[in-house]
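Peer 1: The amino acid sequence is not available; the structure is as follows:
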């Protein structure tokens, strides 16, 4: 792995490629701001009307419109919002007490902690399950894991969450807290117990997809000729799987892992709500209820941006883990002598 | 002493017990090479894998004995097999492009065999051996080369790496499964020389599996011929190639394109049966011209002709000598003022890369011009230009004096009708969701507006022309063999009543006996319909059987262009000479 990372930075071509992908991400993010902005504009009435709802008086409407610059032309509104948003300044909440960034700052960290703790467990776990199921194809482990992952994949995550609470927090065992109470002003890892059930729910939601893809990819690799060749060299099955099969099977799985991680960012909203976990998910739901548009916009934009970032990372990861692609994007002088060698063979 | 000894080996499919191969017996002495010859489906690969104790999923060695250097393979446990594989007996795969791990550097792939089989030896000693074995197979051995990945090597180099892996641990036996199939003749001849030298020098016994008799005749000391899961004839090289008795062996030799002689190649009708529908009695009987009633009743016993020569044929006693060989009759076609097709000063490109340089070829009506070249020479690009499938070129292609549009869509309907293209792979070029009849009828409707019973009658005529039974009209492509599919592709092209057939490597996916019968079909068509052909191939020997004139192409340039005799007897280009020398042949 270290040598791969070293290669990566030695090869200017790859760095250029990565830079290209990041640059290509910028217009996508800008397009996202337009979409998010348009979506909130499409709601009936303006932000002020929907926020104040029954309590609207002409004076209060005017005040909020003033605060949000709702009387400006649309494009002026968009540019002032978008340019602030790109600097991570999402303005003030409609309650007018704090800035959106101040509310979200701590919450984002909590959500990232939750996503990271789920991802760190779910990804290696699914790789192990997928690999083992592929190796033991058609045996008990494969059949059972296929069935379990299929069931889990078809259940909505809130059902899984409720089941987890039922099993581990309330009715059967009472080991973990059913509600993740985190003191305001502290981060989630101050109380690791509160992380367990939300993470477990997310792990159960993500693992089925990734492990099934991993299993399929691994089965395909295990049937390739180079695996047969490795066996005919007399290598132990362990070496065949770990050295010859696994690295080749992981590359196609990376894209799915990235999509699943991105999905986590959305899935987290529901899961946080079930456990009352103080992340962006709960804020999102509260803000939707309160029709606090600046917060909704900020969170939507961040989740969408996360998709873009993870996809860029997945592309780079795929290239790093596939020598054929890695060398293609490497500097020219690394491949030029290959053609000379080919001529020598004729 | 026999390092390899097989006696009465049966390998069967676990479910249903259908035998893939039966009663396989042979021995190989150290330093000797046994050529195991057979067409697709004969079971030769199954036998070669069994030497390493490996069977395909769902198959099992049912009975018999296989000993490798004194160790019994049948029934041996995994640990025992692992210690033999790669150490005592090594394997050279057919396609190193898929058999080398794309994710590991080649140095590591050679090293790991050594680490596994000589665990007590120091790393430096192993590395020295890695470099030594690379030198033995004529590859660079510097660190930069060891750090390459397989995709950074050419096909020939990949195959050398695979051979280096096999020889790394100094095995007693090596099994080669058609290791030169994907290679150009010059590369092939070098790889074969390497294998031969290594076996001789180190006293390695080799099993060389191949469908290519010419290659085997150049390499092997002994030969065993397999058909439908059995060895039908075995003997030393001369016995098999010059005194063969079994009709299948003889016909196989007759199907071989001969670069030196002027013998017309002769195909074997039909195709080899799959394990589950092999006939009772002698499996070759349905395709055998000399079969009698006994042949379809009982399986012939092995008969000893000499100490080394064995044959399984009921008619071994009264089997006459090889059928008198028909010489190739070929009229020379004089250059007319107006050639059918003219390629004038054509430069072909892929974007900024030029792949064809100032190409000139003229094809007269009714003439067959062979375009010969190794992979990457540009021969397919040129034929695609003619077919209107590649339009990135400068220069002119004229049809009866009129310049053709570059892209097929820019050509007149008649021009498209008159120039028909037949593709290399009959597996990919026929719509799998249409019955054969409708595939052909479509052409008739498109070009002649022919429908209904008129079209049906014409389809039958076309099928007769390419010797296919009418029954296949309702079949789908996947119900046909490769040879049958290629005939369908030919019939489809003929439906347009073309003036020119562009045949792009159309026999390279086929067995030799099937290749020979497709060539026969084309020959007959040429004389009955006087269609002109551009016959593109990498096989110089094959052109002898079909072409009037030969163009040899190298790196996008035509280096030799002349009548058949001229090119073969007094080649002008050094490259043609090299091709002629390196093409394996029966000598």
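Peer 2: Looks like it arrived, so ask away. As the structure is a computational prediction, the values presented were derived from the model and not from experiment.
Peer 1: buried stuff in the helix or strand harbouring residue A:20?
Peer 2: Assigned by DSSP states H and E, residue A:20 belongs to helix A:12-41. Across helix A:12-41, burial judged by 16 or more other CB atoms under 10 Å in any protein chain shown covers A:13-14, A:17-18, A:21, A:29, A:32-33, A:36-37, A:40. (C-beta placed from N, C-alpha, C; glycine too.)
Peer 1: again, but for stretch B:478-494
Peer 2: Neighbour counts over stretch B:478-494 (16+ other CB under 10 Å) mark B:480-494 as buried.
Peer 1: Return the residues of chain B in contact with chain A.
Peer 2: Within chain B, the residues that sit near chain A (CB under 8 Å from any CB of the partner chain) are B:52, B:54, B:81-87, B:90-91, B:93, B:95, B:98-104, B:112-113, B:116-117, B:140, B:148-149, B:151-154, B:156-157, B:165, B:184, B:186-187, B:190, B:374.
Peer 1: from those, which would you call buried?
Peer 2: Taking 16+ other CB under 10 Å as the criterion, what is buried in the residues of chain B next to chain A is B:52, B:54, B:81-82, B:84-87, B:90-91, B:93, B:95, B:98-104, B:112-113, B:116-117, B:140, B:148-149, B:151-154, B:156-157, B:165, B:184, B:186-187, B:190, B:374.
Peer 1: So which of those residues are in strands?
Peer 2: If you go by DSSP state E, these have B:90-91 in strands.
Peer 1: just for the chain, where's the confidence low?
Peer 2: Just so you know, I chose chain A. Residue ranges of chain A with pLDDT under 70: A:1-13, A:44-47, A:50, A:53, A:95-96, A:181-185, A:188, A:329-346.
Peer 1: sorry, should have said chain B
Peer 2: Looking at chain B by pLDDT under 70, you get B:260-263, B:319-337, B:587.
Peer 1: what residues go with each domain of it?
Peer 2: Using automatic domain parsing, the domain parsing of chain B gives B:2-220, B:246-328, B:341-582.
Peer 1: can you map out the helices along the stretch 51-200 of chain A?
Peer 2: A:58-68, A:74-86, A:100-135, A:140-154, A:157-168, A:192-222 (DSSP state H, counting those that start in this stretch).
Peer 1: Out of those, which is the most enclosed?
Peer 2: Of all these, helix A:192-222 has the most neighbours on average by mean count of other CB atoms under 10 Å in any protein chain shown, namely a mean of 22.
Peer 1: That one versus helix A:140-154: what angle between them?
Peer 2: Per axes from the mean of the first three to the mean of the last three CA atoms, to 10 degrees, the angle that helix A:192-222 makes with helix A:140-154 is 120 degrees.
Peer 1: and the helix or strand following helix A:192-222, how far out from the chain's middle?
Peer 2: Sequence-wise, the next helix or strand downstream of helix A:192-222 (DSSP H and E) is helix A:225-232. How far helix A:225-232 lies from its chain's middle: 36 Å, per CA atoms, centre = their mean, to the nearest Å.
Peer 1: Which secondary structure elements does helix A:225-232 sit against?
Peer 2: With contacts defined as 3 or more CB pairs under 8 Å, 6 or more residues apart in numbering or on different chains; DSSP states H and E, helix A:225-232 has these neighbours: strand B:89-92, helix B:96-99.
Peer 1: Can you lay out these as JSON lines showing distance to residue B:557?
Peer 2: Below are the helices and strands packed on helix A:225-232 laid out as JSON lines (distance: least, CB to CB, whole Å):
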{"stretch": "strand B:89-92", "distance to residue B:557": "34"}
{"stretch": "helix B:96-99", "distance to residue B:557": "27"}
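Peer 1: which ones are touching residue 23?
Peer 2: Going with chain A. Listed by CB atoms under 8 Å, 6 or more residues apart in numbering or on different chains, the contact set of residue A:23 is empty.
Peer 1: Chain B, not that one
Peer 2: When contacts are counted by CB under 8 Å, 6+ apart, residue B:23 is found next to B:8-10, B:64, B:230-231.
Peer 1: Kindly give a single ChimeraX line that selects the buried subset of the residues you listed.
Peer 2: A single ChimeraX command selects the buried members of the contacts of residue B:23 (16+ other CB under 10 Å):
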select /B:9,10,64,230,231
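Peer 1: Just give me the closest of the contacts of residue B:23 to chain A.
Peer 2: Nearest to chain A among the contacts of residue B:23: residue B:9, at 18.2 Å, using CB to the nearest CB.
Peer 1: wait, doesn't that closest one sit right on residue B:72?
Peer 2: No. Judged on CB atoms under 8 Å, residue B:9 makes no contact with residue B:72 at a distance of 11.9 Å.
Peer 1: Can you check which residues contact both of these two?
Peer 2: Both residue B:9 and residue B:72 are contacted by B:65-66, under the criterion CB under 8 Å, 6+ apart.
Peer 1: interface residues of the stretch 151-300 of chain A facing chain B?
Peer 2: Near chain B, when you scan the stretch 151-300 of chain A using CB under 8 Å from any CB, you find A:224-226, A:228-236, A:239, A:243-244, A:247-248.
Peer 1: From those residues, list the buried ones, please.
Peer 2: A:224-226, A:228-235, A:239, A:243-244, A:247-248.
Peer 1: picking that back up, how about the contacts of residue B:23 in CSV, adding secondary structure?
Peer 2: Shown next, in CSV, are these (DSSP: H, G, I helix; E, B strand; the rest coil):
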residue, secondary structure
B:8, strand
B:9, strand
B:10, strand
B:64, strand
B:230, strand
B:231, strand
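Peer 1: Assumed residue B:362 was part of a strand.
Peer 2: Yes. Counting by three-state DSSP, residue B:362 is part of a strand.
Peer 1: give the contact list for the residue nearest to it when sequence neighbours are not counted.
Peer 2: Once flanking residues are discounted, residue B:362 sits nearest to residue B:339: 4.1 Å by CB to CB, 6 or more residues apart in numbering or on different chains. By CB under 8 Å, 6+ apart, residue B:339 lies in contact with B:362-364.
Peer 1: With neighbour count added, can I get those residues in CSV?
Peer 2: Below are the contacts of residue B:339 laid out as CSV (neighbours: other CB atoms under 10 Å in any protein chain shown):
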residue, neighbour count
B:362, 18
B:363, 24
B:364, 18
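Peer 1: For residue B:445, which residues are in contact?
Peer 2: B:451, B:455.
Peer 1: Just the element for it, please.
Peer 2: Residue B:445 belongs to helix B:436-448, assigned by DSSP H and E.
Peer 1: Name the residues of the following helix or strand past that helix that are buried.
Peer 2: For helix B:436-448, the following helix or strand on the C-terminal side (DSSP H and E) is helix B:452-465. Judged by neighbour count using 16+ other CB under 10 Å, the buried positions of helix B:452-465 are B:455-456, B:458-459, B:462-463, B:465.
Peer 1: for stretch B:49-69, same thing?
Peer 2: B:49-55, B:59, B:61-62, B:64, B:66-69.
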